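Peer 1: Fold the following for me, if possible:
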Amino acid sequence: MGTLKFDSEDMGLTEEFLSRAYTRMKIGGAAEHTRAQVSRNSVGSTSVDRLAFDYDMSHDAQPIGKVCLCTVQSGTIVRQYGGGTESLFGPGDAFLYTPHDRPYAGVIQRARYHLIMFDPVLLDQVATALPGRRPDTVRLTGDRPVSPAAAQNLQRTIEHLRDDVLAQPAVRDAPLITSAASQLLAASVLNTFPNNVVTDPGIQDRRDAHPATLRRAVTFIEDHADADISAADIAAAARVSIRALQLTFRRHLGTTPVSYLRRVRLAHAHRDLLAAGPGTDATVTVIAARWGFLHPGRFAADYRRAYGRSPRETLSQLPP
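Peer 2: Here you go, the predicted model:
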């Protein structure tokens with residue numbers, strides 16, 4: 001535990017320092033005005049670093065071995081990992097800088113930012129404590145926050161860790177506090193970024209994925225197909241978690257709850273088209289909208305796949 005500081009205009013020394021402090025990497029940049037500043041407060045595997053580059057510094061790095069988050073104060077960061085698409089981040093953005101087990105590259109464009117790092121084992125520990133969870137390895141499946149509210153909560157958690165825990169020696173030396181703060185950070189990360197804890201079923205979810213759950217869910221869908229309902233509403237009516245609901249439909253029907261709901265609504269639209277017939281004021285658009293299909297082209301394509309002809313042909317009572 002402790003602090004670390006670096007301040008240099010020598011790119012060779014900067015590359016050597018970054019390779020030592022993070023992971024082996026190659027950097028590049030302008031021939032002059034190459035000042036780099038880094039400071040770190042840390043305890044155990046958890047650290048918060050302040051970094052500032054007054055030039056465009058490119059880097060190509062090996063896997064870092066830790067969960068690595070970034071919050072940008074100024075400038076921009078172009079980041080790419082695993083040979084994928086480049087992403088651009090600017091002031092106010094919080095994102096997963098790189099997965100712990102993949103190489104990464106990018107350009108720091110005259111930026112000031114924070115890097116927050118911790119052992120990925122913390123994610124497993126936090127997830128395992130959730131009811132019904134198995135001790136599987138947790139995977140972050142996206143690098144951007146799931147919502148602005150989640151991003152704000154993560155920012156506040158990072159500020160608490162940085163300013164109230166790691167920056168205060170008396171607090172930093174208290175193992176119970178630092179452990180709790182690190183676990184709070186890991187929990188906030190799971191709340192902020194897409195991950196398999198949300199999508200993978202746990203032990204209780206597997207127990208709940210039985211035919212009785214399916215019957216309750218199907219009954220609710222059929223009784224409320226004309227209402228604005230979501231997967232969460234269906235899960236609540238079936239008295240199971242969303243994960244258990246998804247597993248139930250996948251296991252017994254080979255589909256998802258939302259796809260099944262769409263199928264039921266399509267069937268209702270089909271019946272209304274048949275009942276309307278020629279000589280009425282009903283239109284395909286009105287009937288489609290009644291059952292939640294607001295995109296005419298997509299509705300027509302789905303309808304043709306299901307019934308072998310267009311909605312307009314059904315409404316006009318034309319033979320298939």
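
Peer 1: low-confidence ranges in this protein?
Peer 2: For the chain, the stretches flagged by pLDDT under 70 are 1, 31, 83, 129-136, 198-206, 277-279, 318-320.

Peer 1: same thing but at 80, please
Peer 2: Within the chain, the ranges that satisfy pLDDT under 80 run 1-2, 30-32, 82-85, 127-137, 196-209, 232, 242-243, 277-281, 294, 317-320.

Peer 1: What are the boundaries of the strands in it?
Peer 2: 2-8, 25-28, 36-43, 46-53, 56-61, 67-81, 87-89, 94-98, 104-118 (DSSP state E).

Peer 1: Which of these sits closest to Ala235?
Peer 2: Nearest to Ala235, of all the strands of the chain, is strand 94-98, at 27.6 Å by C-beta to C-beta. For every residue, glycine as well, the C-beta is placed using N, CA and C.

Peer 1: What pairs with the closest one, parallel or antiparallel?
Peer 2: If you go by DSSP bridges, strand 94-98 pairs up with strand 67-81 (antiparallel).

Peer 1: Name the residues of the partner strand that come out as buried.
Peer 2: For strand 67-81, the neighbour count (16 or more other C-beta atoms under 10 Å) marks 67-72, 75-81 as buried.

Peer 1: Tell me which of the strands of the chain lies nearest to Val218.
Peer 2: For Val218, the closest of the strands of the chain is strand 94-98, at 37.7 Å, according to C-beta to C-beta.

Peer 1: and that closest one, how far out from the chain's middle?
Peer 2: 11 Å (C-alpha atoms, centre = their mean, to the nearest Å).

Peer 1: Run through who's touching that strand.
Peer 2: Applying C-beta atoms under 8 Å, 6 or more residues apart in numbering, the contact partners of strand 94-98 are 61, 63-64, 67-72, 79, 81, 87, 89, 104, 115, 140, 142-145, 151, 154-155, 158, 192-193.

Peer 1: Tell me how far Ala61 lies from Ser47.
Peer 2: Separation of Ala61 from Ser47 (C-beta to C-beta, to the nearest Å) stands at 17 Å.

Peer 1: same question but for Val78, I mixed them up
Peer 2: Distance, Val78 to Ser47, by C-beta to C-beta: 23 Å.

Peer 1: Break this protein down into its structural domains.
Peer 2: 2-198, 203-315 (automatic domain parsing).

Peer 1: isn't Leu88 right up against Gly75?
Peer 2: No. Using C-beta atoms under 8 Å, Leu88 makes no contact with Gly75, being 11.2 Å away.

Peer 1: count of residues packed around His33?
Peer 2: 10 (other C-beta atoms under 10 Å).

Peer 1: who touches it in this structure?
Peer 2: Here His33 is in contact with 9, 54-55 (C-beta under 8 Å, 6+ apart).

Peer 1: Turn those residues into TSV, including neighbour count and distance to Leu18.
Peer 2: Listed next are the contacts of His33 as TSV, based on neighbours: other C-beta atoms under 10 Å; distance: C-beta to C-beta, whole Å:
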residue	neighbour count	distance to Leu18
Glu9	13	14
Asp54	17	15
Tyr55	17	14
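
Peer 1: what's around Phe118, how many residues?
Peer 2: Applying other C-beta under 10 Å, we find 24 residues neighbouring Phe118.

Peer 1: ok, now Met11?
Peer 2: Neighbour count for Met11, taken as other C-beta under 10 Å: 17.

Peer 1: ditto for Asp101
Peer 2: When counting by other C-beta under 10 Å, one arrives at 12 neighbours for Asp101.

Peer 1: about what we covered before: neighbour-wise, which of Ala61 and Ser47 wins?
Peer 2: More crowded of Ala61 and Ser47, by other C-beta under 10 Å: Ser47, with 23 against 19.

Peer 1: Appreciated, that's everything.
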